[in-house]
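Enquirer: Sequence and computational prediction follow.
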Amino acid sequence: MRSLLVASVNHWGSPIGGTTQDNWVYRLWNITYYIAIPLGAVVIGLIFWCAFRYHERRGDEHIPRQVQYHVPLEVFYTLVPLVLVTVLFVYTYKAENSVDALNKPALVVRVDAFQWGWHFTYPNGYQVLGSVAAEPNIQSKDLPVLTLPAGETVQVNLFSEDVNHSFYVPKFMFKRDAIQGINNSFDLNISPSIAGERFIGECTQFCGVYHPYMRFWVQIMPAASFKTWLASHHGLSATQAEGS
Ligand SMILES: [Cu+2]
């Protein structure tokens, strides 16, 4: 009971989210647990109850009453799964729509994934380039930083320069594949409540030997300071090799 309580307080292992888009994803995550736990309890409980109540006893050869065509029971175990699957379907539909919806963006950032690193390009031409040469281990502090404003619509145009990669930011509960020749676009409306914080992002598609080093930071800024920040950044900023 206590561990169940702790799990629910810890959001069943999920991050709390930080964008408008992830609200429904978070709800879907929670509702899945609210359905799965009672369902699992009933099913596993019935299995144990049957095994205990009807197991063969020494000297007692008789077979328990065999029930067939019990209409109320059959209606029950047809309707209950139907209702549960419908609820999950509606929540999934809402979550997918909120993640895929594109609005008029205040900022468009281009993100290129490559073997093995990330390349961020802003509308004014400012670029951040990270590469595995500069991040010789997974704990590297010199990861490329994707700086984004909070409180307005940011559109990310995601590309791959070579093999398939995947853009994943656990805090945003969001992952999208980066596929060569395909422009995958998505919106992020980051909550102002997390402005000033930074979160880890990573590639989640096994893309070659240095795949685990393909990490980056997402730095969130209040919209106003972001404008000033971007205006004062130009050209190409490549992450420095460690120790230099
Ligand atoms: Cu990758």
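Expert: On my side now, so go ahead.

Enquirer: drop to CA atoms for contacts and neighbour counts, all remaining ones
Expert: Fine.

Enquirer: Can you name the residues bridging to the residue nearest to residue 145 when sequence neighbours are not counted?
Expert: The shortest distance from residue 145 to any residue other than its chain neighbours is 4.7 Å, reached at residue 217 (CA to CA, 6 or more residues apart in numbering). Note on residue 217: beta-bridge partners by DSSP bridges are residue 145, residue 200.

Enquirer: Show the pLDDT at residue 217.
Expert: Note on residue 217: pLDDT of 93.

Enquirer: So for the helix or strand where residue 112 lies, what gets flagged as buried?
Expert: Element membership for residue 112 (DSSP states H and E) is strand 107-114. If you call a residue buried by 16 or more other CA atoms under 10 Å, then strand 107-114 has these buried ones: 108-114.

Enquirer: which outside residues touch the strand or helix carrying residue 220?
Expert: If you go by DSSP H and E, residue 220 is part of strand 215-221. By CA atoms under 8 Å, 6 or more residues apart in numbering, the residues outside strand 215-221 that reach it are 117-118, 138, 143-150, 190, 194-203.

Enquirer: quick one on the thing from earlier: only C-alpha atoms, please: export the strand holding residue 112 in PDB.
Expert: The C-alpha coordinates for strand 107-114 follow below in PDB (Å, rounded to 0.1, in the frame of the first residue of the first chain):
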ATOM      1  CA  LEU A 107      10.200  31.100 -33.100                       C
ATOM      2  CA  VAL A 108      11.400  28.400 -35.600                       C
ATOM      3  CA  VAL A 109      14.500  26.400 -34.700                       C
ATOM      4  CA  ARG A 110      16.100  23.900 -37.000                       C
ATOM      5  CA  VAL A 111      17.500  20.800 -35.300                       C
ATOM      6  CA  ASP A 112      19.800  18.500 -37.300                       C
ATOM      7  CA  ALA A 113      20.900  15.200 -35.800                       C
ATOM      8  CA  PHE A 114      24.000  13.500 -37.200                       C
END
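
Enquirer: Return the list of helices and strands in contact with that strand.
Expert: With contacts defined as 3 or more CA pairs under 8 Å, 6 or more residues apart in numbering; DSSP states H and E, strand 107-114 has these neighbours: strand 117-121, strand 153-160, strand 165-169.
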